[in-house]
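Undergrad: one predicted model, sequence on top.
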Amino acid sequence: MSMSSPHWPAPVAHGPVDATVPLPGSKSMTNRALILAALAEAPATITRPLRSRDTELMAGALRALGTGVGGDSGDWQVAPGELRGPARVDVGLAGTVMRFLPPVAALASGEIAIDGDPRARERPMGPIVTALRALGAEVEDAGRGALPFTVRGTGAVPGGVVTVDASGSSQFVSGLLLAAPRFEKGVEVRHEGAPVPSAPHLAMTVRMLRDAGATVETGENVWHVAPGAVRAREWPIEPDLSNAAQFLGAALVTGGRVTVPGWPPETTQPGDALRGLLGAMGAEVALGPDGLTVRGPGGFAGLEADLHEVGELTPVLAALAALADSPSRLTGIAHLRGHETDRLAALVTEINGLGGDVRELPDGLEIRPRPLHGGVFHTYDDHRMVMAAAVLGLAVDGVEVENPATVGKTLPGFTDLWTSMLASG
Ligand SMILES: O=C(O)C1=C[C@@H](OP(=O)(O)O)[C@@H](O)[C@H](O)C1
Ligand SMILES: C=C(OP(=O)(O)O)C(=O)O
C-alpha cells in the first residue's frame, strides 16, 4: 500500500520559470531492462535506472523469484538465477509489474502468488491470464481473470501462438513478448479487437528485445518472438520523457523557459510526442545538444489531439488545457479508465472541483478553460494526478494536493524538483 501524506500546497508561480531540470530514468525502460536482465545468460548492469515505487517493486519481485538485484541507490547489478518459488509477489499498483511479471513467473518452478494494492485488483488482467493458460502455463485465479492469482510453474512453458484482445492495455502484449524468448516455442501474439493503445511502448518492447539479441518479427497486430537466449548487456536508461510533461508545461503556463537535459535525439518513449503536442499549444520547442528546451510565449492555445498512443501524457495535458486560452478535446483514451484510477472521471471531478468545465466523452475529455479557484485536489493514488495538480497550482492560488507522496510511483523527488524549478525563475 502507498503511504498517505499531508496535503501539499502547490506553489503559485510568481513569474516566468527559467530552469534546467534533469530528470530520473524512464519507468518503462527500467522495468523492461530488469525483466530482460533477469532472463539473460549472465550478469549485467542497468545504468541510471529509475528508483521509484514501481521499479523497486519490479526488483523485489525478481528477487523473490531468485534473481540477484543489487546496488543501493544508483545503478543496478542484475545476476540472473534459477527462477523458482514458492514466492509472493507484490505488484503494488504498477501496470508494468502486474503485466510483465506473470509470464516470468510462469518460467519458474513452484508456486508464485501475485497480488497488489486494492486498485490493482480492479485493473484489467484477463488477457494475460487467458494467454498464459493458452501458452501452456497453469494459473489459478478466482475465476475473475484479475489479481490476486497464483502461477504454478514447472520450470518451462511450451509457448506458441496466442490471440489476445489488447485494446485495454498494450502491456498485455509487451508482457507476453518480454518473456517469450525463454518459452520453448517462443511466442506469437495476435491481437483481435479495437486498436491497441500505446504504440511507442510496443516499439520500446520490440527494440529492447532486439537489443538483447532476440529475433522479433512484427506485422499489423501480430508480433512473433523466436525462442533463444537473452543476451546479457549493459542497459543505459534514458530520462523519463513522460515525467518531463509537467516541467515543460510550466514553461507554457508561466511564459518561461525549461530545459530537460539528456533528451535523446531518437527514442521509443511516448514522451517524445510532447515536442509536437506542446508545439501545437503554441510553445517554442528546440531539441539540441543541451537537451529539449520549451519556451512559452505568454498565452497558449488549447489542444485537439488523439492521445491513444500516448495516454499517460493525458493528466498533465488536461491540466494545461484547463489553463489555456481556448477549448481542448482530448480523444482516443477510453482505456485510461483502467489506469491507476479512472483518469477520465478523476480529471473531470477534480478540475471541476476547482471551478473548471471539463466534460467526459465516451473516449476522452472536452475542456473549456474557466477561471479556477483553490481547493483540495484528490489524487486517487495516481502519481500523474499529483503532477496535474502542480501544473494547475502554478496559476491558481490555494490548490491543496492530497497525498502528494503517491507521486513516488514514478518520481519520488517530485515536489523538491518542482520547488527548485520555481526558485530558479
Ligand atoms: O509498457 C509500458 O511501459 C506502459 C504502457 C502504457 O500502458 P497502457 O497501454 O495500458 O496505457 C502506459 O500507459 C504505461 O504508463 C506504461
Ligand atoms: C498508466 C501508467 O502506469 P502503469 O505502468 O501502472 O500502467 C502511467 O504511468 O501513467
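TA: Sure, I can see it. Ligands and ions are numbered 1, 2, ... in the order given.

Undergrad: ok, Gly175 - contacts?
TA: Neighbour list for Gly175: 99-103, 128 [criterion: CB atoms under 8 Å, 6 or more residues apart in numbering]. From N, CA and C alone the C-beta is placed, and that goes for glycine too.

Undergrad: which one among those residues gets closest to ligand 2?
TA: Taking CB to the nearest ligand atom as the measure, ligand 2 sits nearest to Arg99 out of the contacts of Gly175, at 8.0 Å.

Undergrad: let me know the pLDDT of the closest one.
TA: At Arg99, the model reports a pLDDT of 98.

Undergrad: Ser4 now?
TA: On the pLDDT scale, Ser4 gets 59.

Undergrad: are any of the contacts of Gly175 buried, and if so which?
TA: Neighbour counting with 16 or more other CB atoms under 10 Å marks 99-103, 128 as buried within the contacts of Gly175.

Undergrad: run a quick neighbour tally on Asn243.
TA: By other CB atoms under 10 Å, the residues close to Asn243 number 28.

Undergrad: and for Thr218?
TA: Around Thr218 there are 14 residues (other CB under 10 Å).

Undergrad: and the next element down the chain from whichever strand or helix holds it?
TA: In the assignment (DSSP states H and E), Thr218 maps to strand 216-219. Tracing the chain C-terminally past strand 216-219 and defining elements by DSSP H and E, one meets strand 222-225 next.

Undergrad: who does that following strand touch, helix- and strand-wise?
TA: On a contact count with 3 or more CB pairs under 8 Å, 6 or more residues apart in numbering; DSSP states H and E, strand 222-225 meets helix 171-179, strand 187-191, helix 199-211, strand 216-219.

Undergrad: go with 7 Å
TA: Contact here means 3 or more CB pairs under 7 Å, 6 or more residues apart in numbering; DSSP states H and E; on that basis strand 222-225 packs against helix 171-179, strand 187-191, strand 216-219.

Undergrad: for ligand 2, which of these is the nearest?
TA: helix 171-179 (6.4 Å).

Undergrad: chain center to the closest one: distance?
TA: 14 Å (CA atoms, centre = their mean, to the nearest Å).

Undergrad: tilt between that helix and strand 187-191?
TA: Relative orientation of helix 171-179 and strand 187-191, computed by axes from the mean of the first three to the mean of the last three CA atoms, to 10 degrees: 170 degrees.

Undergrad: so what's the residue count around whichever residue of the stretch 301-425 of the chain sits closest to ligand 1?
TA: In the stretch 301-425 of the chain, the residue that lies nearest ligand 1 is Glu312 (3.9 Å; CB to the nearest ligand atom). By the criterion of other CB under 10 Å, Glu312 has 26 neighbours.

Undergrad: Pro195 too?
TA: By other CB under 10 Å, the residues close to Pro195 number 13.

Undergrad: do Arg210 as well
TA: Neighbours of Arg210 using other CB under 10 Å come to 12.

Undergrad: list the contacts for it?
TA: For Arg210, the contacting residues are Val216, by CB atoms under 7 Å, 6 or more residues apart in numbering.

Undergrad: show the pLDDT at the residue in the stretch 1-150 of the chain positioned nearest to ligand 2.
TA: Using CB to the nearest ligand atom, the single residue of the stretch 1-150 of the chain nearest to ligand 2 is Gly95, 2.4 Å away. Predicted confidence (pLDDT) for Gly95: 98.

Undergrad: that one contacts Gly168, correct?
TA: No - judged on CB atoms under 7 Å, Gly95 makes no contact with Gly168 at a distance of 10.7 Å.

Undergrad: which of these two has more neighbours?
TA: Taking other CB under 10 Å, Gly95 and Gly168 do not tie; Gly95 has more neighbours (26 against 21).

Undergrad: which non-adjacent residue is nearest the more buried one?
TA: Among residues not flanking Gly95 along the chain, Gln171 sits closest, at 5.3 Å (CB to CB, 6 or more residues apart in numbering).

Undergrad: distance check, that neighbour against Arg121.
TA: According to CB to CB, to the nearest Å, Gln171 stands 16 Å off from Arg121.

Undergrad: between the two, who's got more neighbours?
TA: Ranked by neighbour count (other CB under 10 Å), Gln171 and Arg121 place Gln171 first, with 28 against 14.

Undergrad: where's that one relative to Gly219, distance?
TA: Taking CB to CB as the measure, Gln171 falls 20 Å from Gly219.

Undergrad: now do Pro11
TA: Look at Pro11 and Gly219: by CB to CB, they are 49 Å apart.

Undergrad: ok, those two, which is more surrounded?
TA: Per other CB under 10 Å, whichever of Pro11 and Gly219 has more neighbours is Pro11, with 16 against 8.

Undergrad: ok, for that one, nearest residue in space, not its chain neighbours?
TA: Counting by CB to CB, 6+ apart, the residue nearest Pro11 is Leu422, at 5.5 Å.

Undergrad: anything in stretch 371-385 near ligand 2?
TA: Yes - Stretch 371-385 reaches ligand 2 (CB under 6 Å from any ligand atom) through Arg384.

Undergrad: now do that stretch, average pLDDT.
TA: Stretch 371-385 shows a mean pLDDT of 98 in the predicted model.

Undergrad: residues contacting that stretch, please?
TA: Under CB under 7 Å, 6+ apart, the answer for stretch 371-385 is 2, 7, 93, 117, 119, 312, 315-316, 322, 340-341, 343, 346, 350, 353-356, 386, 389, 392, 396-403, 406-407, 409-411.

Undergrad: in it, what's buried?
TA: 372, 374, 377-385.

Undergrad: export it as PDB, just CAs?
TA: Below are the C-alpha coordinates for stretch 371-385, written out as PDB (Å, rounded to 0.1, in the frame of the first residue of the first chain):
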ATOM      1  CA  PRO A 371     -11.200  31.000 -14.100                       C
ATOM      2  CA  LEU A 372     -10.300  28.400 -11.400                       C
ATOM      3  CA  HIS A 373     -10.200  28.700  -7.600                       C
ATOM      4  CA  GLY A 374      -8.300  26.900  -4.800                       C
ATOM      5  CA  GLY A 375      -9.400  23.800  -3.100                       C
ATOM      6  CA  VAL A 376      -8.400  20.200  -2.300                       C
ATOM      7  CA  PHE A 377      -7.300  18.200  -5.300                       C
ATOM      8  CA  HIS A 378      -7.700  14.500  -4.700                       C
ATOM      9  CA  THR A 379      -5.100  12.200  -6.300                       C
ATOM     10  CA  TYR A 380      -6.600   8.700  -6.100                       C
ATOM     11  CA  ASP A 381      -3.100   7.000  -5.600                       C
ATOM     12  CA  ASP A 382      -2.300   8.300  -9.100                       C
ATOM     13  CA  HIS A 383       1.200   9.900  -9.500                       C
ATOM     14  CA  ARG A 384       0.000  11.800 -12.600                       C
ATOM     15  CA  MET A 385      -2.800  13.400 -10.700                       C
END
